[in-house]
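> Build the 3D model from these lines:
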Amino acid sequence: MRSLLTTALTLAVAALLAAPPASAGEPTEQLKTQVDRVLKLLDDPALKDKPKDKRVAVRKIAEDIFDFGETAKRSLGRHWAARTQAERDEFVKLFGDLLERSYISKIELYGGEKIQYLNDKVEGDQASVMSKLLTKTNTEVPIEYRMLKKGDRWLVYDVIIEGVSLVSNYRTQFNKIIQTSSYAELVKKMKSRQEEMGSATEAGRRV
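Numbering: from 1, shown residues only. As a prediction, this is how the structure comes out:
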């Protein structure tokens, strides 16, 4: 599951690095604008030997692309309603950190794959942006971004790769843990995972 999600979000981030079609709507244009900021960041020589500063900067831009709160809420599904505000705030923070550590940092794996934006569809405050990625083996991978409009911004809350939803994958995992154990156990597992990745990151910096 982790391998699938890593591949999914890496491809999703890669797809964001493509130029939008001439007829692109506002959702696609906003995505492209934010990703241009990421490209400049990755090419910034001042951050070349500062992985921690680069990670913080990428996370900041990611918050202008992804709606971590909405993704967390939809991933928790029906269990969200039973949570207190304090629990919701804690969950969103944990979820956002895990997403960033596991997947968003993989943006540097982008290897110049060819991407084509197909179209975007807007219905009220919701939108979907369709694209396809051509891998180095000439395989086409369809990628859809589900977005919500918050104020004057369009933010991604789900990424669907070849019909597989990032949110649905998490919802299945979270629901299983809560049903077989408890919500407290889910939070415990998330915190444990957070600590494991934090330790791994520190160890990598010392190598």
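
> so where's the chain shaky on pLDDT?
Within the chain, the segments meeting pLDDT under 70 span 1-24, 35, 39, 102-113, 115, 199-207.

> all helices of it, in order?
2-16, 26-42, 51-62, 68-76, 85-102, 166-180, 183-206 (DSSP state H).

> winner for burial among the ones you listed?
helix 68-76 (a mean of 21; mean count of other CB atoms under 10 Å). Heads up, the C-betas are built off the backbone N, CA and C, glycines and all.

> Work out the gap between that one and the centre of the chain.
11 Å (CA atoms, centre = their mean, to the nearest Å).

> Quick one: residues in contact with it.
80, 83, 88, 91-92, 95-96, 99, 148, 155, 157-158, 166-167, 170-171, 174 (CB atoms under 8 Å, 6 or more residues apart in numbering).

> Now do residue 81 against residue 73, distance only.
According to CB to CB, to the nearest Å, residue 81 and residue 73 sit 10 Å apart.

> Check residue 183 too.
Counting by CB to CB, the gap from residue 183 to residue 73 is 14 Å.

> ditto for residue 91
9 Å.

> Ok, residue 114 next?
From residue 114 to residue 73 the distance is 34 Å (CB to CB).

> Could you do residue 152 as well?
In terms of CB to CB, residue 152 sits 21 Å off from residue 73.

> wait, what's in contact with residue 198?
By CB under 8 Å, 6+ apart, the contact set of residue 198 is residue 101.

> can you do 10 Å?
97, 101 (CB atoms under 10 Å, 6 or more residues apart in numbering).

> residues near residue 128, how many?
The local packing of residue 128 (other CB atoms under 10 Å) involves 16 other residues.
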